[in-house]
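A.B. asks: quick one, what's the 3D model for this:
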Amino acid sequence: MASLLLKDEDIMTSPPVLGYKVLAFMQEKKVDKISVFDVADRFKNEKWFSPKNLYFAMFFLFSLGLIDFQKSYIIRTKKC
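C.D. replies: Residues are numbered from 1 along each chain as shown. Below you'll find the predicted structure:
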């Protein structure tokens, strides 16, 4: 079974760190609503990027109530 947090994984690819990068990107763009495709396009050339890593980061942020989803958009629910 897959796990969100593994003790053997690189900390820089963990869901909390990647979630922070997504929120920082939204803050940099000064938006509270952004397309999932824009986020994927921004990070697709990063060493850590994979759909699975981005997916787990979104799960992490959603579980904390920091983001919500509306169709293909990520919406920041709390100011960070």
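
A.B. asks: so which helix or strand of the chain has the lowest pLDDT on average?
C.D. replies: Lowest by mean pLDDT, DSSP states H and E among the helices and strands of the chain is helix 51-63, with a mean of 92.

A.B. asks: quick one, strands of this structure?
C.D. replies: Here the chain has its strands, by DSSP state E, at 33-35, 67-70, 73-76.

A.B. asks: most tightly surrounded among those?
C.D. replies: Of the strands of the chain, the one with the most neighbours on average (mean count of other C-beta atoms under 10 Å) is strand 73-76, at a mean of 18. For the C-beta atoms, the positions are set from N, CA and C on the backbone; glycine is no exception.

A.B. asks: who does it pair with, and is each partner parallel or antiparallel?
C.D. replies: Strand 73-76 has the following sheet partners, assigned by DSSP bridges: strand 33-35 (antiparallel), strand 67-70 (antiparallel).

A.B. asks: from memory residue 62 sits against residue 69, does it?
C.D. replies: Yes: when contacts are counted by C-beta atoms under 8 Å, residue 62 is listed as touching residue 69 (7.2 Å).

A.B. asks: adding mean pLDDT and distance to residue 19, write the strands of the chain out as a markdown table.
C.D. replies: Output for the strands of the chain, formatted as a markdown table (pLDDT from 0 to 100; distance: least, C-beta to C-beta, whole Å):
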| stretch | mean pLDDT | distance to residue 19 |
| --- | --- | --- |
| strand 33-35 | 96 | 14 |
| strand 67-70 | 95 | 8 |
| strand 73-76 | 95 | 11 |
